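Novice: Structural data only, the sequence is not supplied:
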């Protein structure tokens, strides 16, 4: 791992954020499964983990071609950042999110603090409403309570998978789940036609602007839509492949239930 500890904190933070950034949604359940499979005697792979993330840190710290200015202690410092995402090295844990998490968990106290925060802030996560509920209650066994609290406080981008056949039921808990992530700025509802989240790893979906009526009803349920970019995606596995048909389902099944929920909330 490159020695970055002597960098000013602002530059050190920028480097780590650049390394942790990942736009492809991380399947959170698969990530938790990987974390749970890491055993105490697995430390022999630690050097390989650190070499993988360390290589990307080195590139982000100055071995690439694009300069970025960073304000540090009242002065402007210049930092080279790669113009393209640095490829993840091939190693036995092929999931990049798991690799980044392990690296953030193994380093110095300064790296762990910034690394874990950047992990949750700079990645997008695919999370079911059920897993989100467990995370917000800090009862997921694979992560410490402190890490779970950090996750709920720091996550900025979340995609919620929704089965097309149970959309009217699946949408009911979503307002509460969204409100439980105070730093969220981007929320995507992915309507799909298969059980579980495995089908969503093939991110073939049509993104649609969320209907104003949908925003209105979830706003009535207490969702702070003014600070959120909300979108709906129709996954290729959903039987309903016409947007007009999906809007009809939302109007008939989802909006009435959410309005009822909003009325019940207003009654206290």
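Specialist: Good, I have the coordinates. Just so you know, these numbers come straight off a predicted model, no measurement behind them.

Novice: May I ask you to confirm that residue 250 is in contact with residue 211?
Specialist: Yes. The criterion here is C-beta atoms under 8 Å, and residue 250 meets it with residue 211 at 6.9 Å. Every residue, glycine included, has its C-beta placed from N, CA and C.

Novice: quick one: which of these two has more around it?
Specialist: residue 250 (21 against 17; other C-beta atoms under 10 Å).

Novice: so the residue nearest to the more buried one when sequence neighbours are not counted is in which element?
Specialist: Leaving aside its sequence neighbours, residue 250 sits nearest to residue 214 (C-beta to C-beta, 6 or more residues apart in numbering; 6.3 Å). Element membership of residue 214 [criterion: DSSP states H and E] is helix 212-220.

Novice: Need the contact partners of that helix.
Specialist: Helix 212-220 is contacted by residues 174-175, 178, 225, 230, 232, 250-251, 254-255, 258-259, 262 when judged by C-beta atoms under 8 Å, 6 or more residues apart in numbering.

Novice: Farthest-apart pair in those, please.
Specialist: Within the contacts of helix 212-220, 178 and 251 form the most distant pair, 21.0 Å apart (C-beta to C-beta).

Novice: between the two, who's got more neighbours?
Specialist: Taking other C-beta under 10 Å, residue 178 and residue 251 do not tie; residue 178 has more neighbours (23 against 13).

Novice: Provide a list of residues in contact with the nearest residue to residue 227 once chain neighbours are set aside.
Specialist: Nearest non-adjacent residue to residue 227, counting by C-beta to C-beta, 6+ apart: residue 185, 6.5 Å away. By C-beta under 8 Å, 6+ apart, the contact set of residue 185 is 156, 157, 227, 228, 229.

Novice: Give me the subset of the contacts of helix 212-220 lying in strands.
Specialist: 230, 232 (DSSP state E).

Novice: Among the contacts of helix 212-220, name the buried ones.
Specialist: Buried residues within the contacts of helix 212-220, counting neighbours by 16 or more other C-beta atoms under 10 Å: 174, 175, 178, 230, 232, 250, 254, 255, 258, 262.

Novice: could those residues go into CSV alongside pLDDT and distance to residue 151?
Specialist: CSV is the format used below for the buried ones among the contacts of helix 212-220 (pLDDT from 0 to 100; distance: C-beta to C-beta, whole Å):
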residue, pLDDT, distance to residue 151
174, 88, 18
175, 90, 19
178, 93, 15
230, 89, 21
232, 86, 24
250, 89, 29
254, 90, 27
255, 92, 31
258, 91, 26
262, 90, 28
